[in-house]
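Visitor: Fold the stuff below for me.
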Amino acid sequence: IDIWNELRRNGSVHIMFDQQKQSQFMPLFHSLNMKPTLLINDVQKVLENEEQTLQAHARSGVPRGIQDTFHNYEQ
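Guide: Below you'll find the predicted structure:
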């Protein structure tokens, strides 16, 4: 299990676990009176889409802001 946010007392927690484990974890969460919500069904697909979007922006040659500016240590 990967924890994706900072833990807080009585607060929500975002975790990631293998999709095959969903049928194991969801009943456990319910048995502990937790109210689990599935936020992202396929993280890999989201990452791939993000990569495609970034590549398309890079090919367009139009900078989106400071995050697209790269300088090495010598510059």
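Visitor: use CA for all of it now, contacts and neighbours both
Guide: Fine.
Visitor: What segments of the protein are helices?
Guide: Using DSSP state H, the helices of the chain run over residues 22-31, 43-60.
Visitor: mean confidence for the shortest one?
Guide: In this model, helix 22-31 has an average pLDDT of 93.
Visitor: tell me which residues of it are tucked away?
Guide: When neighbours are counted by 16 or more other CA atoms under 10 Å, no buried residue of helix 22-31 is found.
Visitor: try stretch 57-64
Guide: Under 16+ other CA under 10 Å, stretch 57-64 has no buried positions.
Visitor: chain center to that stretch, what's the gap?
Guide: Put simply, stretch 57-64 sits 23 Å off its chain's centre (CA atoms, centre = their mean, to the nearest Å).
Visitor: swap in stretch 44-55?
Guide: On CA atoms, centre = their mean, the centre of stretch 44-55 falls 11 Å from the chain's centre.
Visitor: Pull that stretch out as CSV, backbone CA atoms only.
Guide: What follows is stretch 44-55, C-alpha atoms only, in CSV (Å, rounded to 0.1, in the frame of the first residue of the first chain):
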residue,chain,number,x,y,z
GLN,A,44,-1.2,3.7,-14.9
LYS,A,45,-3.6,5.0,-17.5
VAL,A,46,-3.7,8.4,-15.9
LEU,A,47,0.1,8.6,-16.0
GLU,A,48,0.2,7.4,-19.6
ASN,A,49,-2.3,10.1,-20.6
GLU,A,50,-0.3,12.7,-18.7
GLU,A,51,2.9,11.7,-20.5
GLN,A,52,1.1,11.9,-23.9
THR,A,53,-0.2,15.4,-23.1
LEU,A,54,3.3,16.5,-22.0
GLN,A,55,4.8,15.1,-25.2
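Visitor: hang on, the earlier thing: among the helices of the chain, which is nearest residue 16?
Guide: The closest of those to residue 16 is helix 43-60. By CA to CA, the value is 8.7 Å.
Visitor: Could you export the helices of the chain to a markdown table, including columns for distance to residue 15?
Guide: Compiled in a markdown table, the helices of the chain are given as follows (distance: least, CA to CA, whole Å):
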| stretch | distance to residue 15 |
| --- | --- |
| helix 22-31 | 11 |
| helix 43-60 | 12 |
